[in-house]
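Asker: Any chance you could fold what I've pasted below:
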Amino acid sequence: MAKTHIITGLDVGSSNIKILLVSQEKEQEPQVVFQTKESSTGIRRGVVVGVQELSNTLTNIFSQVEEEAGFKIDSVFVNVDGGHIFSLPSRGTIAVSRADQKISEEDISRVLQAAQTISLPLNKEIFDAYPREFIIDGERGIKEALGLQGVRLEAEVLVLGGFSPYLKNLSQAVLNSDLQVSDVIPSPMAAARAVLTPRQKELGVAVVDIGAGTTGLAVFEEGDLIHLAILPMGSGNITNDIATGLKLDVDVAERVKVEFGSALAKREKKSGSRIKEKIKLAEEEEPLVFSRKALNRIIEIRTCEIFEEVQKELKKISKEKLLPAGIVLTGGGAKLSQIVELAKREFKLPCKIGKPRGFLDLESDPAWATACGLVLGGVDDLTGEESSGLGEFGKGIGSKIKKIFKTFLP
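Answerer: Numbering: from 1, shown residues only. From the prediction side, this is the model:
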């Protein structure tokens with residue numbers, strides 16, 4: 001009888017903590033066995049600022065999860081987020097060590113390590129490296145170098161790093177809640193794993209993962225990750241603007257945004273902008289009076305600001321308007337009405353909502369993309385398939401982050 005593995009994804013977000021459990025049997029599709037969502041504590045703009053606060057929350061949540069699910073959870077696949085995360089292109093060069101000039105696993109390990117040896121400011125750490133290509137004696141475009149012959153081996157990689165204390169805070173909070181870290185994956189990478197197809201990554205595509213406190217960007221071309229950034233702004237900024245502009249409580253502003261707001265303000269005559277409506281959020285509550293035009297204008301302005309920052313990142317890598325598979329919007333912020341139409345106008349590229357593929361009951365909700373991508377990372381580890389959504393070339397590279405994170409453990 002085939003052994004059933006339970007894989008747990010822990011999406012630690014600025015607004016909510018999402019936990020997703022799937023069961024995985026050999027040669028079977030993963031099946032969702034449990035999911036839950038709770039309000040976050042100890043998180044600010046994707047960064048763990050209150051270790052004990054978050055740890056206590058996780059302990060309480062997982063106690064409930066284990067009671068309801070009926071089994072103990074020992075380890076999790078968790079996301080890392082925050083504007084401190086950065087990506088840099090780098091190159092490593094070594095001489096092939098064997099006398100017969102055949103490239104060994106040791107050579108590949110050495111050249112990837114050489115590519116990560118770069119000068120960084122104090123308290124900045126490299127925690128992973130995603131190779132783009134190997135170069136053997138000047139011959140470029142090689143995806144798999146093992147076993148080939150050459151004298152000089154080079155690797156072009158994209159290295160990911162972050163602020164060491166923040167990385168340590170995340171691992172410490174999880175460990176303090178009596179859980180082990182199976183793997184740590186940047187939020188945009190996890191989201192991309194859940195919503196992108198291999199064809200999109202081959203053609204050239206950008207995932208824009210709009211969370212409450214951050215917006216993640218992952219750009220792929222020819223199947224490889226070529227850029228990653230996390231911006232310290234998200235849909236929570238839109239809610240705060242609505243609360244300030246319409247003089248509403250923040251929780252009420254969030255409900256108004258979701259239920260009545262649109263990312264695309266209609267162009268009307270000035271007289272139309274002064275029309276106010278009475279809207280009831282619930283039967284027992286007093287009706288709200290505000291201009292829907294004013295509401296949508298607030299949402300559009302802030303959403304455009306987020307898109308402008310994403311556009312700046314695309315300009316850095318000369319991919320502005322040059323991604324054939326376009327922009328894929330995901331995350332809770334992607335549920336805004338007409339956000340796709342606004343994105344098409346601002347990016348001048350094909351745009352669509354990215355929803356988790358292969359998960360019944362979750363395929364219609366982009367807010368679960370990161371959690372789904374985390375458990376898919378666990379499935380990949382079990383089946384030996386693509387690592388963190390990078391395809392065969394990335395196999396095994398994603399596991400390096402576990403080794404790096406061990407250096408942060410007590």
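Asker: now for the helix or strand harbouring R91, which elements pack on it?
Answerer: Element membership for R91 (DSSP states H and E) is strand 86-95. Where contact means 3 or more C-beta pairs under 8 Å, 6 or more residues apart in numbering; DSSP states H and E, strand 86-95 is packed against helix 105-115, strand 152-163, strand 224-231. Every residue, glycine included, has its C-beta placed from N, CA and C.
Asker: try it again with 10 Å
Answerer: helix 105-115, strand 124-136, strand 152-163, strand 215-221, strand 224-231 (3 or more C-beta pairs under 10 Å, 6 or more residues apart in numbering; DSSP states H and E).
Asker: CSV for the ones you listed, including distance to G83?
Answerer: As requested, those are arranged in CSV below (distance: least, C-beta to C-beta, whole Å):
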stretch, distance to G83
helix 105-115, 24
strand 124-136, 13
strand 152-163, 9
strand 215-221, 10
strand 224-231, 6
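Asker: And the ones you listed: which comes nearest K3?
Answerer: Evaluated over the helices and strands packed on strand 86-95, closeness to K3 peaks at helix 105-115, with 28.4 Å, by C-beta to C-beta.
Asker: Quick one: residues in contact with that closest one.
Answerer: 89-98, 103-104, 126, 129-131, 134-135, 144-147, 150, 152-159, 396-397, 400 (C-beta atoms under 10 Å, 6 or more residues apart in numbering).
Asker: switch to 6 Å and redo it
Answerer: For helix 105-115, contacts defined as C-beta atoms under 6 Å, 6 or more residues apart in numbering pick out 90-92, 94, 96-97, 129, 153, 155, 157.
Asker: Kindly report the same for stretch 27-34.
Answerer: Contact with stretch 27-34 is made by 21-24, 69, 359, 379, as judged by C-beta under 6 Å, 6+ apart.
Asker: show me where the protein has helices.
Answerer: Secondary structure of the chain, counting by DSSP state H: helices at 51-69, 105-115, 164-176, 187-195, 198-203, 235-246, 250-260, 292-316, 339-347, 369-383, 400-406.
Asker: Just the buried residues of the longest one, please?
Answerer: Using 16 or more other C-beta atoms under 10 Å as the burial criterion, the residues of helix 292-316 that qualify are 292-300, 302-303, 306-307, 310-311, 313-314.
Asker: still on that earlier bit, buried deepest among the helices of the chain, which one?
Answerer: Mean neighbour count (mean count of other C-beta atoms under 10 Å) peaks for helix 187-195 among these, with a mean of 31.
Asker: could you give the angle of that one to strand 224-231?
Answerer: Here helix 187-195 runs at an angle of 130 degrees relative to strand 224-231 (axes from the mean of the first three to the mean of the last three C-alpha atoms, to 10 degrees).
Asker: who are the neighbours of helix 187-195, in terms of helices and strands?
Answerer: Helices and strands touching helix 187-195, by 3 or more C-beta pairs under 6 Å, 6 or more residues apart in numbering; DSSP states H and E, are strand 205-210, strand 215-221, strand 327-330, helix 369-383.
Asker: CSV for these, including distance to G13?
Answerer: Compiled in CSV, these are given as follows (distance: least, C-beta to C-beta, whole Å):
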stretch, distance to G13
strand 205-210, 10
strand 215-221, 11
strand 327-330, 13
helix 369-383, 8
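Asker: Could you give the bridge partners of the residue nearest to I226 when sequence neighbours are not counted?
Answerer: Distances taken as C-beta to C-beta, 6 or more residues apart in numbering place V219 nearest to I226, at 5.3 Å, with adjacent residues excluded. V219 has these beta-bridge partners by DSSP bridges: A206, H227.
Asker: wouldn't V219 be in contact with L225 here?
Answerer: No - if you go by C-beta atoms under 6 Å, V219 and L225 don't touch, sitting 7.4 Å apart.
Asker: got the contact list for I238?
Answerer: I238 touches 299, 302, counting by C-beta under 6 Å, 6+ apart.
Asker: should've said G92
Answerer: Contacts for G92 (C-beta under 6 Å, 6+ apart) come out as 111, 114-115, 155.
Asker: Likewise for F86?
Answerer: G161.
Asker: I'd like the distance between it and S171.
Answerer: From F86 across to S171, the span is 19 Å (C-beta to C-beta, to the nearest Å).
Asker: do the same with S23
Answerer: S23 is 26 Å from S171, by C-beta to C-beta.
Asker: same question, G245
Answerer: 39 Å.
Asker: what's the answer for G358, then?
Answerer: 29 Å.
Asker: just L362 next, same as before
Answerer: As judged by C-beta to C-beta, L362 and S171 stand 27 Å apart.
Asker: which ones are touching the closest residue in space to S87 that isn't next to it in sequence?
Answerer: Nearest residue to S87 in three dimensions, chain neighbours excluded: L228, at 4.2 Å (C-beta to C-beta, 6+ apart). Residues counted as contacts of L228 (C-beta under 6 Å, 6+ apart) are 87, 188, 218.
Asker: now the second one: how far from G223?
Answerer: The gap separating P188 from G223 is 16 Å, by C-beta to C-beta.
Asker: Next up, phi/psi of G13, please.
Answerer: For G13, the backbone dihedrals are phi -110, psi 170 (criterion: degrees, to the nearest 10).
Asker: Give the burial count for the nearest residue to L148 once chain neighbours are set aside, as a bare number.
Answerer: Taking C-beta to C-beta, 6+ apart, and ignoring the residues beside it in sequence, L148 has I103 as its nearest neighbour in space, at 5.3 Å. As a burial measure, I103 scores 23 neighbours (other C-beta atoms under 10 Å).
Asker: show me the contacts for I103.
Answerer: Going by C-beta under 6 Å, 6+ apart, I103 touches 96, 145, 148, 153.
Asker: okay if I get these as CSV plus pLDDT?
Answerer: Converted to CSV, the contacts of I103 look like this (pLDDT from 0 to 100):
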residue, pLDDT
V96, 96
A145, 94
L148, 96
L153, 97
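Asker: A367: which of those is nearest?
Answerer: Nearest to A367 among the contacts of I103 is A145, at 39.6 Å by C-beta to C-beta.
Asker: So the closest residue to P232 other than its chain neighbours versus A369, what's the distance?
Answerer: In space, and not counting its chain neighbours, P232 is closest to G83: 3.7 Å by C-beta to C-beta, 6+ apart. To A369, G83 is 20 Å away according to C-beta to C-beta.
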